[in-house]
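>>> Curious how this folds, go ahead:
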Amino acid sequence: QVTLVESGGGSVQPGGSLKLSCIVSGHFRYCYDMSWHRQVPGKEREFVSGIDNGGSTNYADSVKGRFTISQDNAKNTVYLQMNTLEPEDTAMYFCNAKCRDTGGFYLSKWGQGTQVAVSS
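The predicted model follows:
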């Protein structure tokens, strides 16, 4: 069983910053891919940023240069530093982890989401 818990969302003004955290817990061998996604009501969930267990990162074009993903393997935590936030960044942000559990099975798990609201 693998559980993800996101935190760090909130309300900020345009140009502000937030740092999201996602803690992975449970019984697993390792997670090899962690990512952030976001969704607004009525729209598809979209990829924001990802990082693999080698530290390689990628970003959606809309957030490049403003968001930074990082991870602390010792804490099983992935972060998303969001700077220069825009109203268009308003969404529910979800963390996803692709892991291998103790039984050797590969799985993909989602957290419950954390809300980010950017408005003046």
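>>> most centrally placed residue in this protein?
Among the residues of the chain, W36 comes closest to the average C-alpha position under C-alpha atoms, centre = their mean, at 2.8 Å.
>>> Excluding covalently adjacent residues, which one is nearest to that residue?
The spatially closest residue to W36, leaving aside those adjacent along the chain, is V48, at 4.4 Å (C-beta to C-beta, 6 or more residues apart in numbering). Where C-beta positions appear, they are placed from N, C-alpha and C, glycine not excepted.
>>> Which positions within the helix or strand the one you found falls within qualify as buried?
Element membership for V48 (DSSP states H and E) is strand 46-52. For strand 46-52, the neighbour count (16 or more other C-beta atoms under 10 Å) marks 48-51 as buried.
>>> which one of these is nearest K64?
For the buried residues of strand 46-52, the minimum distance to K64 (C-beta to C-beta) is 9.1 Å, reached by S49.
>>> The nearest residue to the closest one once chain neighbours are set aside: what's it in contact with?
Leaving aside its chain neighbours, S49 sits nearest to I69 (4.3 Å; criterion: C-beta to C-beta, 6+ apart). Contacts of I69 were listed using C-beta atoms under 8 Å, 6 or more residues apart in numbering, and they are 34-36, 49-51, 57, 59, 78-81.
>>> Next: G50.
If you count contacts by C-beta under 8 Å, 6+ apart, G50 has them with 33-36, 57-58, 69.
>>> residues touching A60, list them.
The neighbourhood of A60, defined by C-beta under 8 Å, 6+ apart, consists of 46-49.
>>> could you pull out the strands for this protein?
Assigned by DSSP state E, the chain shows strands spanning 2-7, 10-12, 18-26, 28-39, 46-52, 57-59, 67-72, 77-82, 91-101, 106-110, 114-118.
>>> okay, these in a markdown table with mean pLDDT next?
As requested, these are exported to a markdown table (pLDDT from 0 to 100):
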| stretch | mean pLDDT |
| --- | --- |
| strand 2-7 | 95 |
| strand 10-12 | 98 |
| strand 18-26 | 96 |
| strand 28-39 | 94 |
| strand 46-52 | 97 |
| strand 57-59 | 98 |
| strand 67-72 | 96 |
| strand 77-82 | 97 |
| strand 91-101 | 95 |
| strand 106-110 | 95 |
| strand 114-118 | 98 |
